[in-house]
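**Q** turn this into a structure:
(one chain, ligands or ions: 1)
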Amino acid sequence: MKEELDALLIDIESRSFESADQVEAFRVEFIGRHGKMKDLMVQFRSVAPELKRELGPLINQVKGAVEARVAQEQSNFNNKEAVNASGIDLSRPSGGVPLGTHHPLQVVRREIVSIFKNMGYGVVEGPEIEDDWHVFSGLNFPPEHPARDMQDTFFVERNPDLLLRTHTSSVQVREMERRKPPMRIIMPGRVFRNEAVSARAHCMFHQIEGLYIDEDVSFADLKQMILYFTKAMFGKSKLRFRPSFFPFTEPSAEVDIYWGLESETDYRLTKGTGWLEIMGCGMVDPKVLENCNIDPENYSGYAFGLGIERIAMLIYEIPDIRLFFENDVRFLKQFKS
Ligand code: DAH
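**A** Numbers count the residues shown, from 1 in each chain. So this is what the prediction gives:
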């Protein structure tokens, strides 16, 4: 009888089932009213008492094995039925994990940063909440300048003033105070202005600021750098410098590139002139150098600033600046770096 029980144990473990009905048949075969366990119990009764001690636990083991398999297989098939009823097809390949893309502003920022890195510029960032000195006074803005008006910018605290920086030029001051020339850096970041939001203007946007200070830096160096940049960035090299004014540079200029008038888009973008403004620039005002404890007798430098949104809108022909900040996936997924 012992061999019979051992064989049964192997049999029980090796069974496989294709349906809940088969599990039920297995249950009846072993522990049903006329099942194998019944026969075994009948045989067991007539076994010699000293053998009973050995066979008893073995019979219990067989019964336990049957019950365990039945319980496990039943729950298995119950789950499968529930899944089938819910209409989920577990054999279907998964859809994969959708990969995000870089934000178009990030794509353009990286592109610009990498061009300047190739020219030997380092990258520096500064705080978005700034004091009056770094945003205005240090940069030679006169006390009555309208940019200092509560209406024009976002003030966090007054007296002493803390505000959201209106331009990345604040980082110039921080860096000039912090280190000694020569320095050649670009400073990308987010800036804020109290603008009425429209297709062309937003209360939040991004700039890249540039600064080069050394002995004998001239306007010719500035022009050459911009020429290199525009060729690398846009593949265009026809430039125009228009005289302009910024409190922190002297002389100051606005730079236009000749975009061309080949397509209808060119006409629209350039308002029929073929020219597009891309940045402001100038020679760092000696007063600003002094403010930062750099001797203007020994050092000179140039600075420039450009808007990332503006350039992204140009390159990708994006008609509305608000699209950058709405986070609509249908918009964002069109851009790949
Ligand atoms: N800070 C200026 C602005 O936000 C941009 C600018 C112009 C930066 C000329 C410069 C510069 O560094 O030289 O409008």
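
**Q** okay, now the unreliable bits of the stretch 201-337 of the chain?
**A** 337 (pLDDT under 70).

**Q** what parts of it come near the ligand?
**A** Residues of the stretch 201-337 of the chain that fall close to the ligand, judged by CB under 6 Å from any ligand atom: 209, 246, 249, 280-282, 303-305. Bear in mind the C-beta positions are built from the backbone N, C-alpha and C, glycine included.

**Q** if we use 8 Å, what do you get?
**A** The stretch 201-337 of the chain has residues 207, 209-211, 244, 246, 248-249, 252, 279-282, 284, 302-307 near the ligand, with proximity defined as CB under 8 Å from any ligand atom.

**Q** and those residues, which are buried?
**A** Among those, the ones that count as buried by 16 or more other CB atoms under 10 Å are 207, 209-211, 246, 248-249, 252, 279-282, 284, 302-307.

**Q** mind checking which of the residues of the stretch 201-337 of the chain next to the ligand are in strands?
**A** Among those, DSSP state E puts 207, 209-211, 244, 246, 249, 252, 279-282, 284, 302-307 in strands.

**Q** show me what contacts the residue in the stretch 151-300 of the chain that the ligand sits nearest to?
**A** Residue of the stretch 151-300 of the chain nearest the ligand, by CB to the nearest ligand atom: residue 280 (2.8 Å). Residue 280 makes contact with 244, 246, 252-255, 304-306 under the criterion CB atoms under 8 Å, 6 or more residues apart in numbering.

**Q** return the closest of the residues you listed with respect to residue 70.
**A** Of all the contacts of residue 280, residue 306 has the smallest distance to residue 70: 74.9 Å, by CB to CB.

**Q** so that closest one touches residue 206, yeah?
**A** No. Counting by CB atoms under 8 Å, residue 306 stays clear of residue 206, with 9.7 Å between them.

**Q** what strand or helix carries residue 83?
**A** In the assignment (DSSP states H and E), residue 83 maps to helix 49-86.

**Q** off-centre distance for that helix?
**A** Its chain's C-alpha centre and that of helix 49-86 lie 53 Å apart, by CA atoms, centre = their mean, to the nearest Å.
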